[in-house]
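# Model the following, please.
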Amino acid sequence: MAGIGRWPIAVALVSCSPASAFAQTALSFDAAQARYDRSSHTISAADHGVEAARAAADAVRTLHRPIVTASVQYLEYQKTLSVDLSGPKAITLGNTQDFLASLPATVPPAYQQIAADITGRLSQALPGLFEAIPDQLSYRFRDDVLRPTVQGALPLYSGGAIPAIQRAAQGGVAMAEGRRAQALNLARIDLIRAYFGQQAAAGLLESARRSRDALDAVLSDSRKLEAAGVIPHARTLEVEVARDTAERVYQRADLSYASARDDLARLLDLETGVAPTTALFVQTRPLAPAQAFLGNEGTVPEARTADGGRQVADAGVALARSQRLPQAYAFGEYNFNQSNALPIEPDWTVGVGVRYTILSNIGRKHSEDAARATAAAAADTAAEARKTATGATMRAYTLVEAARRSFVLLDSSITAARENLRVQTVAFREGEGTATPVIAAQAALDAAEAQRISVAYEYDLALAGLLASSGRLDEFSGYLARADQRLVYGAGQ
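Okay, here's the model as predicted:
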């Protein structure tokens, strides 16, 4: 029992079983974070979301350029033409008869009678001849045509629709990047929780084992003292009850450690498990004042996402307004098979046009009002995101400082608990004291050491929350490197 008070205040960073420790993959926190960044499906999904948003923005960046299309059509057609000949027939008959009536006067007198006889007969025959000509002539034509053409259209004025669509796409990129940053922060905080959670669970397991082993030694001493007639059997039973309680605490700690180990292994996709090499840490010096963590609210992922949404909403206002304005465009078409074109088709055409919707089945004024209301809501959301980030930063700062102070104060408590346990143990062994003070002293030391482990874990989580809420989570490893207290156990740590 002499060594009970000389246990180091720390946690075991390796598995309880030596065989399982060799099977695990040793990873520092930075190495675990790099692996998680590569293997996390959450981060990968957010990356794909950013890629999709950027591709969509690139797709609409050239909306002001002309649209040129080529098409080939094979046509088979039939055309019927009808011509009314009744009018031209009557006119031609009248003109011909007038001509024949005036013809005899143009020949010599000796021949005028003969000419009159001939023209008279012709005049009588003309109506019959013209009746053979139909009053309507119909012509039906059937053919097939290969029609290769190229068409072009160029927007000249869109009423602001094109710039609005492009700004909305850029807003979509900002939202996707904000969501990615948010997913990355959540993923890294989850890794911090799991990585240092396994450390804390290992420390609590080691503390429970030490407590159980110490009470085993006390129980052994009690039985020896009882056998020697120094203490009654009731004292031995009291120690046995305390030892059994310590065994139950150890069993629970063992299950908690196994769960924490599985959690981290699953997070990092390592079936063999992880042996963390970075210990729980605390910086006993106070952090910079809380104001030093403020002022970057616009860079936190939630604010960036909200700003992107506001940009999209503002673009929606411009797009709704464009529906009430005219649009101008240029167009052209060229036919590559001019020799076989339809009779009504031109060889090429170019022109400009203006289009304006006079009457729409959608209330354009109401659409614009709705877009303005959406933009106002997005602006309020962005402002609230900054306010929320400020509040979260202040709360996290308080948690970090509270954990730091508790950790510092626990040093003296643990020192006093160790000394008390040593004194009570010596008194018990010399037969000058009972087991009750030893059990109480051991319980006080166990509680103080377990609380120190829990406070260190609380400090690490609160620091991660503070850095995330202030847009500085990337600095976590720097704070870890500058920490002056680490709960380190085991060889090689």
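
# Need the nearest residue in space to Leu466, chain neighbours excluded.
Residue nearest to Leu466 in three dimensions, not counting chain neighbours: Ala396, with 3.8 Å by CB to CB, 6 or more residues apart in numbering. In short, each C-beta sits where N, CA and C put it, glycine included.

# can you check Gly316 too?
Counting by CB to CB, 6+ apart, the nearest residue to Gly316 once its immediate chain neighbours are dropped is Ala371, at 4.4 Å.

# What segments of the chain are helices?
Counting by DSSP state H, the chain has helices at residues 18-23, 29-39, 41-60, 86-102, 109-131, 161-227, 233-267, 301-322, 364-429, 435-469, 476-482.

# Can you check which of these gets nearest to Tyr329?
For these, the distance to Tyr329 is smallest for helix 161-227, at 11.6 Å, taking CB to CB.

# could you say what helices and strands that closest one packs with?
Counting contacts by 3 or more CB pairs under 8 Å, 6 or more residues apart in numbering; DSSP states H and E, helix 161-227 packs against helix 29-39, helix 41-60, helix 233-267, strand 274-276, strand 280-282, helix 301-322, helix 364-429, helix 435-469.

# give me the number of residues near Leu191?
The tally of other residues near Leu191 (other CB atoms under 10 Å) stands at 22.

# List the contacts of the residue lying closest to it once chain neighbours are set aside.
The shortest distance from Leu191 to any non-neighbouring residue, by CB to CB, 6+ apart, is to Tyr36 (5.1 Å). Tyr36 is in contact with Ile43, Ala187, Arg188, Leu191, Leu267, Leu268, counting by CB atoms under 8 Å, 6 or more residues apart in numbering.

# hmm, back to that, could you dump the helices of the chain to CSV with distance to Arg355?
Formatted as CSV, these follow (distance: least, CB to CB, whole Å):
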stretch, distance to Arg355
helix 18-23, 72
helix 29-39, 51
helix 41-60, 20
helix 86-102, 44
helix 109-131, 54
helix 161-227, 12
helix 233-267, 57
helix 301-322, 12
helix 364-429, 15
helix 435-469, 51
helix 476-482, 57
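
# now these in JSON lines, with mean pLDDT and distance to Thr278?
Listed next are these as JSON lines, based on pLDDT from 0 to 100; distance: least, CB to CB, whole Å:
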{"stretch": "helix 18-23", "mean pLDDT": "46", "distance to Thr278": "16"}
{"stretch": "helix 29-39", "mean pLDDT": "92", "distance to Thr278": "4"}
{"stretch": "helix 41-60", "mean pLDDT": "93", "distance to Thr278": "21"}
{"stretch": "helix 86-102", "mean pLDDT": "76", "distance to Thr278": "106"}
{"stretch": "helix 109-131", "mean pLDDT": "72", "distance to Thr278": "115"}
{"stretch": "helix 161-227", "mean pLDDT": "91", "distance to Thr278": "7"}
{"stretch": "helix 233-267", "mean pLDDT": "90", "distance to Thr278": "12"}
{"stretch": "helix 301-322", "mean pLDDT": "93", "distance to Thr278": "25"}
{"stretch": "helix 364-429", "mean pLDDT": "90", "distance to Thr278": "17"}
{"stretch": "helix 435-469", "mean pLDDT": "88", "distance to Thr278": "10"}
{"stretch": "helix 476-482", "mean pLDDT": "94", "distance to Thr278": "7"}
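
# Which one of these lies nearest to Pro66?
helix 161-227 (12.8 Å).

# what about the nearest residue to Leu445 once chain neighbours are set aside, neighbour count?
In space, Leu445 comes closest to Ala417 once its chain neighbours are excluded; the distance is 4.0 Å by CB to CB, 6+ apart. The number of residues packed near Ala417 is 21, by other CB under 10 Å.

# so who does Ala417 touch?
Ala417 makes contact with Ala441, Ala444, Leu445, Ala448 under the criterion CB under 8 Å, 6+ apart.

# ok, the residues you listed vs Ala389, which is closest?
Ala448 (36.1 Å).

# Which one (most neighbours) among the contacts of Ala417?
The residue in the contacts of Ala417 with the most neighbours, by other CB under 10 Å, is Leu445 (27 neighbours).

# how near is it to Gln451?
Distance from Leu445 to Gln451, counting by CB to CB, to the nearest Å: 11 Å.

# Same check on Arg210?
Going from Arg210 to Gln451 by CB to CB gives 15 Å.

# more crowded one of these two?
Arg210 (20 against 16).

# Can you give the distance of stretch 421-439 from its chain's centre?
Computed by CA atoms, centre = their mean, to the nearest Å, the chain-centroid distance of stretch 421-439 equals 62 Å.

# Report the buried residues of that stretch.
Leu421, Arg422, Gln424, Thr425, Phe428, Arg429, Thr434, Ala435, Pro437, Val438, Ile439 (16 or more other CB atoms under 10 Å).

# Please tell me I have it right and the fourth one contacts Pro437.
No - with contact defined as CB atoms under 8 Å, Thr425 does not count as touching Pro437 (9.2 Å).

# residue contacts, Asp84?
For Asp84, the contacting residues are Asp135, Gln136, by CB under 8 Å, 6+ apart.

# Return the distance of it relative to Ala292.
Per CB to CB, Asp84 is found 97 Å from Ala292.

# Ala402 too?
From Ala402 across to Ala292, the span is 18 Å (CB to CB).
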